[in-house]
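Visitor: how would this look folded up:
(chains A and B)
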Amino acid sequence: DAGVIQSPRHEVTEMGQEVTLRCKPISGHDYLFWYRQTMMRGLELLIYFNNNVPIDDSGMPEDRFSAKMPNASFSTLKIQPSEPRDSAVYFCASSTGGAEDNEQFFGPGTRLTVL
Amino acid sequence: DQQVKQNSPSLSVQEGRISILNCDYTNSMFDYFLWYKKYPAEGPTFLISISSIKDKNEDGRFTVFLNKSAKHLSLHIVPSQPGDSAVYFCAASAHKLVFGKGMKLTVNP
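Guide: Below is the predicted model of the structure:
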């Protein structure tokens, strides 16, 4: 299996532009998670899905962020409009179960820079 | 407020010696704890975990200790190897994972 796939690996954009990050989870995994890593806050959970349905989006920082999972093999995280403080590494992860005792497999991340 | 704290940002040890990574948490509802390792330009990978009903879990060179009364857990790596050099994240679960900020471990040859 190729593991969790994320694209793009790097994104540089200007403030105010729309940014779309993409994720393909491991086949057969029912859970998909979006995380953001920054120096100040470490690794934060933004949102997670179970069977394509958003379960908890309490970590989404504000309305500029949105996430979708139209099918079991694809998810997007969109930022519109982007701001310099959104610069971070965004990780997607998937697992066969919930967070309690199921290993989450992470993708390589997308490094986002907003100028 | 950080519910999972890794208060030391970095640790440097000599190859062959023991590495001890510490983690504190505040939420008594956490019932499962995990350690992840992260190399540069890669996503975190699962290392070892422990349930709140246990106080120790061992996997090869890696042992995690849990002290529930102190709300503290630690990861011991013995012996440390240069390939262990990475950022280590402590995480705790109560329906979803909460991660610490990470700690950079450097193992010197």
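Visitor: rest of the way, CA atoms for contacts and neighbours
Guide: Fine.
Visitor: What segments of chain B are strands?
Guide: Secondary structure of chain B (DSSP state E): strands located at B:4-5, B:10-14, B:19-25, B:32-38, B:45-51, B:56-59, B:62-67, B:72-77, B:86-93, B:97-99, B:103-108.
Visitor: Can you find the residue of chain A that comes nearest to chain B?
Guide: Relative to chain B, the nearest point of chain A is residue A:42 (3.9 Å; CA to the nearest CA).
Visitor: got the contact list for that residue?
Guide: Counting by CA atoms under 8 Å, 6 or more residues apart in numbering or on different chains, residue A:42 makes contact with A:36, B:99, B:100, B:101, B:102.
Visitor: count of residues packed around the second one?
Guide: Neighbourhood size, residue B:99 [other CA atoms under 10 Å in any protein chain shown]: 25.
Visitor: Next, the contact list for it, please.
Guide: By CA under 8 Å, 6+ apart, the residues touching residue B:99 are A:42, A:43, A:44, B:4, B:89, B:90, B:91, B:92.
Visitor: Give the bridge partners for the fourth one, please.
Guide: Looking back up the chat, that one is residue B:4. Beta bridges link residue B:4 to residue B:25, judged by DSSP bridges.
Visitor: isn't it right up against residue B:26?
Guide: Yes: the criterion here is CA atoms under 8 Å, and residue B:4 meets it with residue B:26 at 6.7 Å.
Visitor: between these two, which one's more packed in?
Guide: residue B:4 (22 against 14).
Visitor: Check what pLDDT the more buried one gets.
Guide: Here the pLDDT value assigned to residue B:4 is 95.
Visitor: cool, the one 5 residues further on as well?
Guide: pLDDT, the model's per-residue confidence, is 91 for residue B:9.
Visitor: Would you check how far apart it and residue A:5 are?
Guide: Separation of residue B:9 from residue A:5 (CA to CA, to the nearest Å): 29 Å.
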